[in-house]
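**Q** please find the sequence and the predicted model below.
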Amino acid sequence: MPKPKTKPKAAPAPTRGAPYHVGANYFIRSVTMYYTGRLIAVTEHELVLESASWIASTGRFADAFKQGAFDEVEPFPDGEVIIGRGAIVDACQWPRELPRTQE
């Protein structure tokens, strides 16, 4: 009996149904680092941020979110920062001004 032919699977739509909100500020935890920034694009494999900073130390995590301040902030130069979505552990909107001052 011949095997039935199967159709190739279509690639998933890059951002369709993604929970991210372009234009919102985010706090993102990757497998090795923390970032903040304004989300300007979502692609199939990356998030693109502007006004981004690497958060070298959050201090007490819950307190950082309550108070809106981190122990150590390292701003990226102005422009786009691209983060691979495969490295993201979690992300949440940051409802405050983005940290852009080295502290």
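**A** Arrived safely.
**Q** report the residue spans of this protein with pLDDT below the cut-off.
**A** 1-17, 103 (pLDDT under 70).
**Q** name the helices or strands packed onto the longest strand anywhere in it?
**A** Longest strand of the chain, by residue count under DSSP state E: strand 46-57. With contacts defined as 3 or more Cβ pairs under 8 Å, 6 or more residues apart in numbering; DSSP states H and E, strand 46-57 has these neighbours: strand 25-30, strand 34-42, strand 72-75, strand 81-84. Using the backbone N, CA and C atoms, a C-beta is placed for each residue, glycine as well.
**Q** now do the second one against strand 25-30, angle only.
**A** Put plainly, it is strand 34-42. Our comparison of strand 34-42 with strand 25-30, counting by axes from the mean of the first three to the mean of the last three Cα atoms, to 10 degrees, yields an angle of 110 degrees.
**Q** other residues contacting strand 34-42?
**A** 14-15, 18, 20-28, 47-56, 58, 76, 80-81, 83, 94, 98-99 (Cβ atoms under 8 Å, 6 or more residues apart in numbering).
**Q** what strands line up against that strand, and which way round?
**A** Within its sheet, and counting by DSSP bridges, strand 34-42 is paired with strand 25-30 (antiparallel), strand 46-57 (antiparallel).
**Q** before we move on, the earlier item: in TSV, list the helices and strands packed on strand 46-57 along with mean neighbour count.
**A** Formatted as TSV, those follow (neighbours: other Cβ atoms under 10 Å):
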stretch	mean neighbour count
strand 25-30	19
strand 34-42	19
strand 72-75	16
strand 81-84	16
